[in-house]
Each structure stands twice: as structure tokens, then as C-alpha cells.
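Participant: Build me a model:
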Amino acid sequence: MRWDRLFEDLEDQLASEWEAERAALDTEAERLRLSKLSLRERLRALVGTEPTVSVDLVDGTVATGTVSAVGADWFAVTADTRRGGALLLPFAGTAAIGIPQADLLRSARPVAAPARLADRMTLGFVLRDLSRRRIPVTVGVAGGRLLSGTIDRAGADHVDLALHDRDAPRRAAAVGGHRLVPTDSLVWLRLDSAAALT
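Facilitator: Numbers count the residues shown, from 1 in each chain. Purely as a prediction, here's the structure:
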């Protein structure tokens, strides 16, 4: 009888140790998975959902809205304002992102998202497309300055911006000047049409 009880105790102890070791391995595997998770992947998990995010930008402004698109080095937020439209936000211009806890946790879950073309589009690609479409933009640049106009050309590391009133179409008579804007100085871009990103 004694031996049976001893073997049962040993089996229980061994099972407990195995369970503890497996839990520790699972925890370490989860930590490793999270260490490889990028901001782009977390934001990609929010596309098509309804949480309102609050984005603190490096120039001190705050943008709120829902994440509507994510590219290689940028993301778009459909703004919660009367004016609507979309904000194009380079990762480099983002200081912090506020998000409800439930959505924060959901964005960290493993997702087998299909590879999409938008995921590989760089900011330069999007700027060239905005230039081609002649979409008026308002640009927030480092230092807090706002520039409104149309992107005439998008180079490798800069854009040519024709300055004109935000609500006016780009016409030669309406252009009040031109600026070369380095892409690295772009903190945000506001598009007056949310359809511009589709």
C-alpha cells in the first residue's frame, strides 16, 4: 500500500513539474512572438474595425479617427471631424498612439493576414499617386508649419508643393508659391477626400 501511495505522489509531482515547465515554455514562446511584432502589424490588425485611436504626433498635434489603411512606412486615419477626409501619417511623425485596451490586446493576437499590395506601398509611392491624381492636401511639417496645396512632383526624398488655398483647385492663377518639402520633414498629410486612398 505504501508503495502505491509513494508512486502516486511521485506521478503527481512529476505531472505538476511538467505542467509548470510547459507553462513556462508557452510564456517564453509568447514573449518571443511579441518581440517580433511590429507597429505596422499591430495597426494592420485594426484596419476595418471601429476603434477610435488617438495619435500623438511629433509636432504636438493630436489626430483622432479610425485606422483605414497601413503601408510600409505610413498609416491612414479617417478623421473624426466635421471636415472628414483622411490623414496620412508617416511612422516617423508618430510619437504615440492611444487605443482602448480591448483593441490594444486584440491587435497583439497572432493574425494570418494575407499579403496585400497596400502593405508594401511606401510613403513615396503614395505621394507620387497623390501627385498624379492632383489631390489637394494640407501638410504639417516639422516645426508645426502648415502648407496647403497640390503635390506637383514627388522625388526620391522630397515633394514639389504648389501652394494655394485648400478649397481651391490648383490653377496657375491661384498658386501663391512653390515649396520643396523633404519627405523626412512631413509629420502628416490631410486629404480632403477619403476616397483618395482607395
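
Participant: name the element the spatially most central residue of the chain belongs to?
Facilitator: Residue closest to the average C-alpha location in the chain (CA atoms, centre = their mean): residue 75, at 3.6 Å. Using DSSP states H and E, residue 75 maps to strand 74-79.

Participant: and the next element down the chain from that strand?
Facilitator: Sequence-wise, the next helix or strand downstream of strand 74-79 (DSSP H and E) is strand 86-90.

Participant: and that following strand, which strands flank it?
Facilitator: Within its sheet, strand 86-90 is paired with strand 74-79 (antiparallel), strand 186-191 (antiparallel), according to DSSP bridges.

Participant: Strand 86-90 and the next helix or strand after it, what's the angle between them?
Facilitator: With elements assigned by DSSP H and E, the helix or strand that comes after strand 86-90 is strand 94-98. Orientation check (axes from the mean of the first three to the mean of the last three CA atoms, to 10 degrees): strand 94-98 against strand 86-90 gives 120 degrees.

Participant: For the next helix or strand after strand 94-98, give me every contacting residue.
Facilitator: Next helix or strand after strand 94-98 toward the C-terminus (DSSP H and E): helix 101-107. Outside helix 101-107, the residues that touch it by CB atoms under 8 Å, 6 or more residues apart in numbering are 42, 43, 45, 46, 49, 51, 99. Using the backbone N, CA and C atoms, a C-beta is placed for each residue, glycine as well.

Participant: Which residue ranges make up each domain of this protein?
Facilitator: 1-36, 39-197 (automatic domain parsing).

Participant: surely residue 164 meets residue 173?
Facilitator: No. Using CB atoms under 8 Å, residue 164 is not in contact with residue 173; the gap is 9.4 Å.

Participant: tally of neighbours for the spatially closest residue to residue 139 that is not a sequence neighbour?
Facilitator: Nearest residue to residue 139, sequence neighbours excluded (CB to CB, 6 or more residues apart in numbering): residue 147, at 4.7 Å. Residues within reach of residue 147, counting by other CB atoms under 10 Å, total 15.

Participant: Next secondary structure after the one helix or strand in the chain whose mean pLDDT sits lowest?
Facilitator: Every helix and strand in the chain was compared by mean pLDDT, DSSP states H and E; the lowest is helix 2-35, with a mean of 70. For helix 2-35, the following helix or strand on the C-terminal side (DSSP H and E) is helix 39-44.

Participant: can you tell me the distance between the two ends of stretch 71-85?
Facilitator: In stretch 71-85, first residue to last residue: 18 Å (CA to CA, to the nearest Å).

Participant: Residue 182 bridge partners, please.
Facilitator: Listed beta-bridge partners, residue 182: residue 158 (assigned using DSSP bridges).

Participant: so who does the nearest residue to the residue nearest to the centre of the chain once chain neighbours are set aside touch?
Facilitator: Excluding the flanking residues, the one nearest residue 75 by CB to CB, 6+ apart is residue 43, at 5.1 Å. Applying CB under 8 Å, 6+ apart, one finds that residue 43 lies in contact with 67, 70, 75, 97, 107.

Participant: Thank you kindly, that will do.
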